[in-house]
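> Next comes the sequence, and after it the predicted model I'd like to discuss.
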Amino acid sequence: MYLRKNHQDWRSTGRIRQICQANQVFQHQSQAFPMKLISWNIRGLNCPRKGKLLKNMLMEEKAAVLFLQETKCNSIVLEKIAAKAWPGGIVAAVDAQGTSGGLAVLWDARKIQMTNIHANKNFIQAIFHIIGTNIYGHITNVYFPQETQHKNEILEALTNLSTDRQYPLWIAGGDYNMIASVEEKKGGRCRTNRDGSLLKDFIQNNWLIDIPINNGLYTWNNKRTGPMQIASRLDRFLISDNAVHVGGEFTASILPYSGSNHWPIAL
C-alpha cells in the first residue's frame, strides 16, 4: 500500500463519534476553504465540443482540481485540456477500456501539489498540498459501478486506505452511483436498498461528513420529462469530520453546465 502508516493518535479509537449535520460542523467558519474542486461524470470527452466546454468551465469557475468520471478517452486528450486551461496543468488518469470507463484527476500545479498517487479503474487517490499553506491531506476521485457486490469491494478498499492514511484530512468525491435515502431520488422505485446501507455505513465508519448541496439535490437524471423522469443524487463530496480544524467553510453546489446526464458539482 502506498500510504505510510501514521502512528499519531489523531483518531482516538475510544471516542464515540457524534453524528452531526455539515452546517453545524462548519457554521462558525467565515472564509471558504482555499481550494475549489469540481467533480463531473462527463460521459465521454472525445468530441471537441466537450473539450471546449470543459476548458471554459475550468477557467470560469477558477477551480484548482478537477475530478472526471467516464472520460471514455485516454490521458493524451486530458493532458491537452489541462494544458489549455492551466499553464502547467497536470493529469493523473486511468484510460478508458474501449468506449467505457475512464477516470482522471486534473490540477493546477501553481496551486496544488499531488504525490503518492494510487489509481485503478474505480478510484484515484493522492496526497495533496495546497501551495503556500500548511494544509496537507488525502484526495480521492471515485467512480462506482452498478453491481452491489463490486460497490462493496470498492468501499472496503477505500476503508483500508483510509485506515493507513498519513494525514487526517480526507476529501472523497465523485460518482458514487448510490443514494443514501429515499429523499435523494425522484421518480422510479423510490425505496432504499442495500446500496444505501453500504454508503451510510461507509460514511459513519470512516467518520465522514456528507456535504449537502446548497442549490439543489439531484445530480443525475434520465433525460426524460413528465412521469417518465427519474432523478437522483448520485454525485457527492464526503469530507473527514476533522476538516473543521483546517479552517474555512465547506459548501457544495451544482454547476449549470450541460453535456452529460450528470451535473458537475463544486466544493
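Arrived safely, thanks for sending.
> Break down the stretch 101-250 of the chain into its helices, ranges please.
Taking DSSP state H, counting those that start in this stretch as the criterion, the stretch 101-250 of the chain carries its helices at 148-163, 194-205.
> Let's have those in JSON lines, adding distance to residue 131.
Quick note: C-beta positions are derived from backbone N, CA and C, even for glycine. Putting the helices of the stretch 101-250 of the chain into JSON lines (distance: least, C-beta to C-beta, whole Å) gives the following:
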{"stretch": "helix 148-163", "distance to residue 131": "24"}
{"stretch": "helix 194-205", "distance to residue 131": "30"}
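> Would you convert the ones you listed into TSV that also reports mean pLDDT and distance to residue 100?
As requested, the helices of the stretch 101-250 of the chain are exported to TSV (pLDDT from 0 to 100; distance: least, C-beta to C-beta, whole Å):
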stretch	mean pLDDT	distance to residue 100
helix 148-163	92	14
helix 194-205	91	20
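> which stretch among those comes nearest residue 54?
Across the helices of the stretch 101-250 of the chain, residue 54 has its closest neighbour in helix 148-163 (25.4 Å, C-beta to C-beta).
> May I see the buried residues of the closest one?
For helix 148-163, burial by neighbour count (16 or more other C-beta atoms under 10 Å) applies to 151, 154, 155, 158, 161, 162.
> What are the neighbouring residues in contact with the residue nearest the centre of the chain?
In the chain, the residue lying closest to the centroid (C-alpha atoms, centre = their mean) is residue 173, at 1.3 Å. Residue 173 is in contact with 37, 39, 67, 140, 141, 142, 235, 236, 237, 238, 265, 267, counting by C-beta atoms under 8 Å, 6 or more residues apart in numbering.
> go again using 6 Å as the cut-off
Residues in contact with residue 173 (C-beta atoms under 6 Å, 6 or more residues apart in numbering) are 39, 67, 237.
> The last one and residue 252 touch, don't they?
Which is residue 237. Yes. Using C-beta atoms under 6 Å, residue 237 and residue 252 qualify as a contacting pair, with a distance of 5.3 Å.
> list residues touching both of these two?
With C-beta under 6 Å, 6+ apart, residue 237 and residue 252 have common neighbours 211, 267.
> any idea how far stretch 194-210 is from the chain center?
Per C-alpha atoms, centre = their mean, to the nearest Å, the displacement of stretch 194-210 from the mean C-alpha position of its chain is 15 Å.
> how about low-confidence regions in the stretch 101-250 of the chain?
190-192, 247-248 (pLDDT under 70).
> does residue 80 sit in a helix, a strand or a coil?
In terms of secondary structure, residue 80 is helix; the call rests on DSSP: H, G, I helix; E, B strand; the rest coil.
> can you count the residues close to it?
Neighbour count for residue 80, taken as other C-beta atoms under 10 Å: 14.
> Find the residue closest to it in space, skipping its chain neighbours.
Sequence neighbours aside, residue 51 is the residue nearest to residue 80 in space, at 7.5 Å (criterion: C-beta to C-beta, 6 or more residues apart in numbering).
> now that neighbour: how far from residue 60?
Counting by C-beta to C-beta, to the nearest Å, the separation of residue 51 from residue 60 is 15 Å.
> And residue 48, by the same measure?
18 Å.
> Counting neighbours, go ahead and name the busier of the two.
Just comparing residue 48 and residue 60: by other C-beta under 10 Å the higher neighbour count belongs to residue 60, 10 against 7.
> picking up where we left off before, I'd like the distance between the residue nearest to residue 80 and residue 96.
Distance from residue 51 to residue 96, counting by C-beta to C-beta: 15 Å.
> Thanks a lot, see you next time.
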